[in-house]
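Colleague: no letters, just coordinates:
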């Protein structure tokens, strides 16, 4: 008989098909598990799959006394309270780097689309502005990539891939992260120094208490009126209210955002701005990234149920 | 006294400011010069600036008996009738490679935006589809870049820059052009073979009689139902009616287009499609590309008026 696994977050069905071929899945569909399953059903559950960004209230863990493993679908694990999991002796696993290329590619898509004003350009063609020679300030030539200074905040798997991609666009690349890495890019000792130097700031840092609102009004001001910011990390890294204010008053030029303070929600103050490109947290959302993340989830579950350490533990 | 230069095509004023500081410009604003200037004014004109894609009717050349140089603003010169210019002993110059990085960057923007369905994603966020968890077929995970086969048609300056950019996205890159080049990508002896192999076809070939409708219904069929095509060259290289038909009936998956059969015009059959990203011929339209193109135009004019061969002749 297959082992039972609780699905805590709301995942599209298609993402669980392969995992469901190997395990018996109890799908909570994002609601508190006790609303969908009885205490008796939950009691023997030993493993669960969750979206790493979603907080798991202790009351949920209380209903799962046998829980030994929380497996995050994806790279992030900012929703995990590690004091709580340690106290309860619950192992935590994730899918490291499985979606790194996919996320880095979306970061590039957002950077290019924002600087070249792609959404406005597509609308200009579709709405007949072009054929009618209608003057449009958004169609004035923008600064392109050549020679631009791109600052990468965070030099993990995703940051490295973004840096490599940016470099081939004939730009200057530098970075800031907690520590210096063995990479061929200039290191800035603070995010403030990086923002002061950069034309474009790519946020690729891991989210957590130490990076909460790391990008605030002061950092945006340093980025400057020609500056562009791209965030494919987590909404929590940027002070979203400060970002909206900066975009509204041209403290910076534009933003490409895949993540937001409160998902799935982008506030009207953002969605009505012309100088932003907005995507619905689809960084890791490609066929190949999902397959790789599912592979990691299954490798973690297989190890756990064989009594071995997780294949991809969060340490 | 500065030399006089006729501006034949319609250029935004801003693009001629620097050139106007050195030459006396007679701006035809895209209308037949004789509508704006007298035959007497046109008679002594020795040089003119044109957009390379625009045809110059022989009757215009007849009004310019002193013309010795046609300087194309940009890389293209497909509007030039070289038999006619040779017969009249008119030198033709262009701005080789001046906008290559800018055009290659837009090719990448279109490729990424089309495969990641960026315009639909931005609309999904802005229209509230995301926050309302509204099901959307365009938000299903697409194939990303990793491992994808990208075929480059044309291996000039722009094709090379596109190839270098694509390679860093962890793809396979191959190409077809009239002859083999010393580049680290596999060569396909025909466009048909390249299309058969490729998932994504990047059109970067120089436009001309030999490439007119090179991408036809047969080539699109070979590209296949997961295939994407990007064109930043000229509209004439693709049979546009065949492309629309292929997009409508899912013979291919999507297209990113900066150029069209009849500019400035994208037909309604294109502008109503969801699986395309459309830009209004802005490939070379960045601040730095314009500066580089203006530098080339002025270097050509300076050489010509000094009695020297053009600095950047089309040979």
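Modeller: Looks like it arrived, so ask away. This structure is a prediction, so every number in the text was calculated from the model and none was measured.

Colleague: tell me which stretches of chain A form helices.
Modeller: Along chain A, the stretches classed as helices by DSSP state H are A:17-20, A:33-36, A:39-42, A:58-62, A:82-87, A:100-115, A:118-126, A:157-167, A:191-197, A:217-223, A:240-248, A:268-271, A:287-305.

Colleague: now do the first one: distance to the chain's middle.
Modeller: Read it as helix A:17-20. 23 Å (CA atoms, centre = their mean, to the nearest Å).

Colleague: which residues touch residue A:52?
Modeller: By CB atoms under 8 Å, 6 or more residues apart in numbering or on different chains, the contact set of residue A:52 is A:72, A:73, A:74, A:75, A:76, A:77, A:78, A:79, A:80, A:94. Placement of C-beta: from N, CA and C, glycine included.

Colleague: how many residues are close by the fourth one?
Modeller: In other words, residue A:75. Using other CB atoms under 10 Å in any protein chain shown, the number of residues around residue A:75 comes to 26.

Colleague: what do you get for the first one?
Modeller: Applying other CB under 10 Å, we find 28 residues neighbouring residue A:72.

Colleague: with the second one instead?
Modeller: By the other CB under 10 Å criterion, the neighbourhood of residue A:73 contains 26 residues.

Colleague: before we move on, the earlier item: would you mind finding the most buried of the helices of chain A?
Modeller: Comparing the helices of chain A by mean neighbour count (mean count of other CB atoms under 10 Å in any protein chain shown), helix A:100-115 ranks first with a mean of 27.

Colleague: between that one and helix B:118-126, how big is the angle?
Modeller: Angle between the axes of helix A:100-115 and helix B:118-126 is 80 degrees (criterion: axes from the mean of the first three to the mean of the last three CA atoms, to 10 degrees).

Colleague: distance between helix A:100-115 and the chain's centre?
Modeller: For helix A:100-115, the distance to the chain centre is 12 Å (CA atoms, centre = their mean).

Colleague: likewise stretch A:181-195?
Modeller: For stretch A:181-195, the separation from the chain centroid amounts to 21 Å (computed by CA atoms, centre = their mean).

Colleague: tell me the spacing between the residue in the stretch 151-300 of chain A positioned nearest to chain B and residue A:189.
Modeller: Across the stretch 151-300 of chain A, no residue is closer to chain B than residue A:286, which sits at 3.2 Å (CB to the nearest CB). If you measure residue A:286 against residue A:189 using CB to CB, to the nearest Å, the figure is 35 Å.

Colleague: looking at those two, which has the bigger crowd around it?
Modeller: The neighbour comparison of residue A:286 against residue A:189 (other CB under 10 Å) goes to residue A:286, with 24 against 9.

Colleague: from what I see, the more buried one and residue B:143 are in contact.
Modeller: Yes - shown here, residue A:286 and residue B:143 form a contact pair, counting by CB atoms under 8 Å, at 6.5 Å.

Colleague: near chain B, which residues of the stretch 1-150 of chain A?
Modeller: Neighbours of chain B within the stretch 1-150 of chain A, by CB under 8 Å from any CB of the partner chain: A:14, A:101-102, A:105-106, A:108-109, A:112-113, A:116, A:118-119, A:121-122, A:124-126, A:129-131, A:133, A:139-147.

Colleague: residue A:106 contacts residue A:280, correct?
Modeller: No - using CB under 8 Å, residue A:106 is not in contact with residue A:280, being 11.1 Å away.

Colleague: so what's the residue count around the residue in the stretch 101-250 of chain A positioned nearest to chain B?
Modeller: At 3.2 Å from chain B, residue A:144 is the closest residue in the stretch 101-250 of chain A, using CB to the nearest CB. For residue A:144, the count of nearby residues is 26 (other CB under 10 Å).

Colleague: and the gap between it and residue A:210?
Modeller: 35 Å.

Colleague: so what's the residue nearest the centre of chain A up against?
Modeller: Centroid-nearest residue in chain A: residue A:233, 3.5 Å away (criterion: CA atoms, centre = their mean). Neighbour list for residue A:233: A:154, A:158, A:203, A:204, A:205, A:206, A:207, A:259 [criterion: CB under 8 Å, 6+ apart].

Colleague: next, count neighbours for the closest residue to the first one other than its chain neighbours.
Modeller: Leaving aside its chain neighbours, residue A:154 sits nearest to residue A:205 (3.2 Å; criterion: CB to CB, 6 or more residues apart in numbering or on different chains). Here the count is done by other CB under 10 Å, and residue A:205 has 26 residues near it.

Colleague: and for the one 3 residues further on?
Modeller: The criterion is other CB under 10 Å. On that basis, residue A:208 has 14 neighbouring residues.

Colleague: pretty sure it sits against residue A:78.
Modeller: Yes - counting by CB under 8 Å, residue A:208 touches residue A:78, with 5.8 Å between them.

Colleague: hey, what's residue A:4 bridged with?
Modeller: For residue A:4, the beta-bridge partners under DSSP bridges are residue A:24.

Colleague: so who does it touch?
Modeller: Each residue near residue A:4 by CB under 8 Å, 6+ apart is listed here: A:23, A:24, A:25, A:26, A:44, A:45, A:46.

Colleague: mind checking pLDDT for it?
Modeller: On the pLDDT scale, residue A:4 is placed at 97.

Colleague: contacts for stretch A:88-98?
Modeller: A:52, A:61, A:67-77, A:80, A:82, A:85, A:157, A:284, A:289, A:292-293, A:295-297, A:300, A:304, A:309-314.

Colleague: again, but for stretch A:22-30
Modeller: Taking CB under 8 Å, 6+ apart as the rule, stretch A:22-30 contacts A:1-10, A:16, A:19, A:33, A:35-37, A:41, A:45, A:298, A:301-302.
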